[in-house]
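Asks: what shape does this take:
(2 chains, ligands or ions: 2)
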Amino acid sequence: MATLSIRDVRKSYGSVQVLHGVDIELEDGGFLVLLGPSGCGKSTLLNIIAGLDDTSGGDILIGGRSVLDLAPKDRNIAMVFQSYALYPTMSVARNIGFGLEMRGVGADQRKRAVEDAARMLQISHLLDRRPANLSGGQRQRVAMGRAIVRDPELFLFDEPLSNLDAKLRVEMRTEIKRLHERLGTSIVYVTHDQIEAMTLGTKVAVMKGGYIQQLDDPRTIYERPANMFVASFIGSPAMNFLAGRLVPDSEGVQFQASGVSIVLPTRNRPVDSERPVVLGIRPEELRTVPRNRASIMGEIDVVEPTGPETMVTVQVGEHAIIARLPPRFAGRRKEPICLAVDPASVNLFDPDSGRRIDI
Amino acid sequence: MIESKRQRRMIANIATYIVLASLTVFCIGPMIWMFLTSLKYEADIVTQTMQYLPSRVTFDNYVAIWTQSGFPRLIGNSLVVTFLTVTVCVVTGTLAAYAFSRFAFRGRDQLMLGYLVVRMFPAVMMIIPLYVVMRGVGLVDSRFGLALAYTSFLLPLFVWMLKGFFDSAPKELESAARIDGSTRLGAMVRIVMPLARNGLVASSVFIAIAAWNEFLFALMLTTGQGSRTWPVGLQLMVGEFQLPWGVLAAGGILSIIPVIVLFAIVQRTMVQGLTAGAIKG
Ligand SMILES: Nc1ncnc2c1ncn2[C@@H]1O[C@H](COP(=O)(O)OP(=O)(O)OP(=O)(O)O)[C@@H](O)[C@H]1O
Ligand SMILES: [Mg+2]
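Replies: Residues are numbered from 1 along each chain as shown, chains lettered A, B, ... in the order given. Ligands and ions are numbered 1, 2, ... in the order given. Next up, the predicted model:
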């Protein structure tokens, strides 16, 4: 049974439509990440799930029951906010226990629940403090404590890590993953950080302009993006795009652009005539090869060793592409470079619509 | 170079102090004068040569105003009217300000603007229609009626001030409370009000002082001893006695005591409320 079903949810503010018919199903215990650039409607969707905002159409089901008529407090959800939204006038303990207090849970039982949650998040020593006297990471933990203590059916996270510094962010990301595995409660998680999406999600919804661009597991999103937007949004450095054409070939079909010629296996139908396409290659799929086996010829432009790998910017015809090469790469600027790519790992897109083409 | 810079700063400082000091004297002077006058014997007040500090000190004026006129009654009426005004403003104004701050309903901006426009007209323009209305509903010469009249021009001020404080309380806090199990009203009372407390105190004190000192409406809308407030009562004494300066001064001093006491109690909260405005999460 699905914990959460979002059915054709639409939202308009006046004449501006910010969500255009969103459909998502989240399985029990799943981790759904809403990923997209700023202003794409992620928070709006999350607030609608929480009941903080009304829909302009569609339906939301939590645990198989439509919740549109329920107040936020009756939806059996817990939410962690970007700003943490800790109650400044209350102690940490009361902050965590506030949800239970509101639900009329007795003081003893409440105290025990708060202590359990605090132990799980390693904030037991902070229970008497005020939120103002906590560090960012500690506030984040308190906010999570407030959510888990209620044992809801669904957690909602709105960019919970975006106010933390880089190191803490990685730490808390692991913590959230551990928490999810331990509690097994379904989570909807909003972020514009693709690493968070890849590492945490069992399902990722990539959004743009109020539309779901792709809804899939992270692997599929990464390896078989539905369109050029998804392809470029996920992955860092971003996927390389090469504009060229598909030409029929004895072995299947060939992609051609200046300095590039790659034979691609065709799975379904053979391509009968030439057509313009955009080829997408992940930087890590590129490797250096001897000249006679090269499918991409170019000239080295910039070499950036990062430690575990070397980022090499290569000028190929009019395109600049980035290759992620081994740490001890020896080439230098202006030298020619020969690259190859596994044909199975490339993606083809329609240059006009940007949509994925499967051949 | 450095020397001259320091000198210039020094001169600027001195100039600042001179300006501030003269302003202070200008503002506080009359009050001190009133206080000194209230301690003088009648004979020492109107004299040939100006007597600045009283040569003899007496509290007779205070005794006189408290026992020989309706002054306690006036103070009592003022207290009641002020209390009623503040209560009505706080109860209705808080809800209104919260609604203005949180809900985007049709006509909200126009309504807020309307509140301001009310403040732009001079009080004399409002007083006649208000009098007619009050007479129509039989509230002329009643303390409640006077409080309502005060509310009519103090409530908009109160709502505007408080809306600012509510605006600066993060919305996410209420969202969190609503998910945690509060209703909207519950979230407002439990979460937002404690945060806006300084603002609420500041705005209420503002209202209280305005109602306490108000003269024009009180003059028009009260006629008898039963509802007359101290500013009007004090003014009317000018005719009743033959310009009893000492007694009037004593009355003045007595009537600003509540204001001073109130201020002393809430001073810190109020200054925080007025200057900070923002609420840190
Ligand atoms: N109350 C509102 N009135 C009008 N437009 C709004 C309102 N709230 C949000 N919007 C618009 O809806 C769109 C989506 O907003 P939303 O907050 O959901 O974006 P987001 O994806 O969460 O972005 P971010 O990553 O910056 O938080 C934005 O274009 C925003 O301007
Ligand atoms: Mg957002």
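Asks: quick one: pLDDT of B:Gly273?
Replies: According to the prediction, B:Gly273 has pLDDT 69.
Asks: nope, A:Asp272 is what I was after
Replies: Looking at A:Asp272, the pLDDT reads 65.
Asks: buried sites along the top helix by length along chain B?
Replies: The residue-count maximum for a helix in chain B (DSSP state H) belongs to helix B:2-38. Neighbour-count burial for helix B:2-38 flags B:Met34, B:Leu36, B:Thr37, B:Ser38 (criterion: 16 or more other Cβ atoms under 10 Å in any protein chain shown). In this view, the C-beta of every residue, glycine as well, is placed from N, C-alpha and C.
Asks: chain neighbours aside, what residue packs nearest to the residue in the stretch 251-359 of chain A that ligand 1 sits nearest to?
Replies: Closest residue of the stretch 251-359 of chain A to ligand 1, Cβ to the nearest ligand atom: A:Gly354 (20.4 Å). Among residues not flanking A:Gly354 along the chain, A:Met228 sits closest, at 4.0 Å (Cβ to Cβ, 6 or more residues apart in numbering or on different chains).
Asks: what residues are up against residue 212?
Replies: Since you didn't name a chain, this refers to chain A. Listed by Cβ atoms under 8 Å, 6 or more residues apart in numbering or on different chains, the contact partners of A:Ile212 are A:Val22, A:Asp23, A:Ile24, A:Ala205, A:Val206.
Asks: meant chain B, my bad for not saying
Replies: With Cβ under 8 Å, 6+ apart, B:Trp212 has these contacts: B:Ser78, B:Thr82, B:Ser255, B:Pro258, B:Val259.
Asks: could you point out the helix or strand that follows the one helix or strand it maps to?
Replies: In the assignment (DSSP states H and E), B:Trp212 maps to helix B:197-213. Heading C-terminal from helix B:197-213, the first helix or strand you meet, by DSSP H and E, is helix B:216-221.
Asks: what does the helix or strand following that next one rub up against?
Replies: Where DSSP H and E defines the elements, the next helix or strand beyond helix B:216-221 is helix B:230-240. Contact partners of helix B:230-240, identified using Cβ under 8 Å, 6+ apart, comprise B:69-71, B:73-75, B:77-78, B:213-215, B:218-219, B:222, B:228, B:244, B:247-248, B:251-252, B:255.
Asks: which bits of chain A sit near chain B?
Replies: A:47, A:50-52, A:71-73, A:75, A:77-79, A:81-89, A:98-99, A:101-103, A:131-132, A:146, A:150 (Cβ under 8 Å from any Cβ of the partner chain).
Asks: just the ones in helices from the residues you listed, please.
Replies: A:Asn47, A:Ala50, A:Phe98, A:Gly99, A:Glu101, A:Met102, A:Arg146.
Asks: for ligand 1, give me its nearest residue in the stretch 51-200 of chain A.
Replies: For the stretch 51-200 of chain A, Cβ to the nearest ligand atom, closest residue to ligand 1: A:His192, 5.1 Å.
Asks: what's around that residue, how many residues?
Replies: A:His192 is flanked by 18 other residues according to other Cβ atoms under 10 Å in any protein chain shown.
Asks: same question, A:Val303
Replies: 17.
Asks: and it, which of the three is it?
Replies: Three-state assignment for A:Val303 (DSSP: H, G, I helix; E, B strand; the rest coil): strand.
Asks: grab the nearest non-local neighbour of it.
Replies: A:Val312 is the one closest to A:Val303 (Cβ to Cβ, 6+ apart), at 5.4 Å.
Asks: which helix or strand contains B:Ala249?
Replies: Here B:Ala249 is assigned to helix B:245-276, by DSSP H and E.
Asks: which residues touch the closest residue to chain B within chain A?
Replies: Residue nearest to chain B within chain A (Cβ to the nearest Cβ): A:Met102, separated by 3.0 Å. By Cβ under 8 Å, 6+ apart, the contact set of A:Met102 is A:Lys73, B:Ala177, B:Asp180, B:Gly181, B:Ser182, B:Gly186.
Asks: and those residues, which of them are in helices?
Replies: Using DSSP H, the contacts of A:Met102 in helices are B:Ala177, B:Asp180, B:Gly186.
Asks: which positions in the stretch 51-200 of chain A make contact with ligand 1?
Replies: With Cβ under 6 Å from any ligand atom as the criterion, the stretch 51-200 of chain A meets ligand 1 at residues A:His192.
Asks: the helices in the stretch 51-200 of chain A, which residues?
Replies: Using DSSP state H, counting those that start in this stretch, the helices of the stretch 51-200 of chain A run over A:92-102, A:107-120, A:136-148, A:166-183, A:194-200.
Asks: out of these, flag the one nearest B:Tyr17.
Replies: helix A:136-148 (43.6 Å; Cβ to Cβ).
Asks: just checking, what packs against the closest one?
Replies: Secondary-structure packing of helix A:136-148 (3 or more Cβ pairs under 8 Å, 6 or more residues apart in numbering or on different chains; DSSP states H and E): strand A:77-80, helix A:92-102, helix A:107-120, helix A:166-183.
Asks: buried set for that helix?
Replies: In helix A:136-148, counting by 16+ other Cβ under 10 Å, buried: A:Gly137, A:Gln138, A:Arg139, A:Gln140, A:Arg141, A:Val142, A:Ala143, A:Met144, A:Gly145, A:Arg146, A:Ala147, A:Ile148.
Asks: likewise stretch B:264-272?
Replies: B:Val266, B:Thr269, B:Met270.
Asks: which residues touch that stretch?
Replies: Under Cβ under 8 Å, 6+ apart, the answer for stretch B:264-272 is B:Arg197, B:Asn198, B:Val201, B:Ala202, B:Val205, B:Phe263.
Asks: most neighbours among those, please name it.
Replies: B:Ala202 (24 neighbours).
Asks: roughly how far does it sit from B:Met161?
Replies: Relative to B:Met161, B:Ala202 is positioned 7 Å away (Cβ to Cβ, to the nearest Å).
Asks: again with A:Arg119
Replies: 45 Å.
Asks: what about the closest residue to ligand 1 within the stretch 51-200 of chain B, how many neighbours?
Replies: Nearest residue of the stretch 51-200 of chain B to ligand 1 (Cβ to the nearest ligand atom) works out as B:Ala104 at 7.1 Å. The local packing of B:Ala104 (other Cβ under 10 Å) involves 9 other residues.
Asks: which secondary structure element contains the nearest residue to B:Lys163 once chain neighbours are set aside?
Replies: Nearest residue to B:Lys163, sequence neighbours excluded (Cβ to Cβ, 6+ apart): B:Ala97, at 4.4 Å. Assessed by DSSP H and E, B:Ala97 sits inside helix B:71-102.
Asks: and the next helix or strand after that helix, does that touch chain A?
Replies: With elements assigned by DSSP H and E, the helix or strand that comes after helix B:71-102 is helix B:108-120. No - residues of helix B:108-120 are not located near chain A by Cβ under 8 Å from any Cβ, the shortest gap being 13.8 Å.
Asks: in the chain, where is pLDDT below threshold?
Replies: Defaulting to chain A. Of all residues in chain A, those with pLDDT under 70 make up the ranges A:1-2, A:267-272.
Asks: that's the other chain; I wanted chain B
Replies: In chain B (pLDDT under 70), the answer is B:1-2, B:239-242, B:273-281.
Asks: centroid residue for it?
Replies: B:Ile209 (1.8 Å; Cα atoms, centre = their mean).
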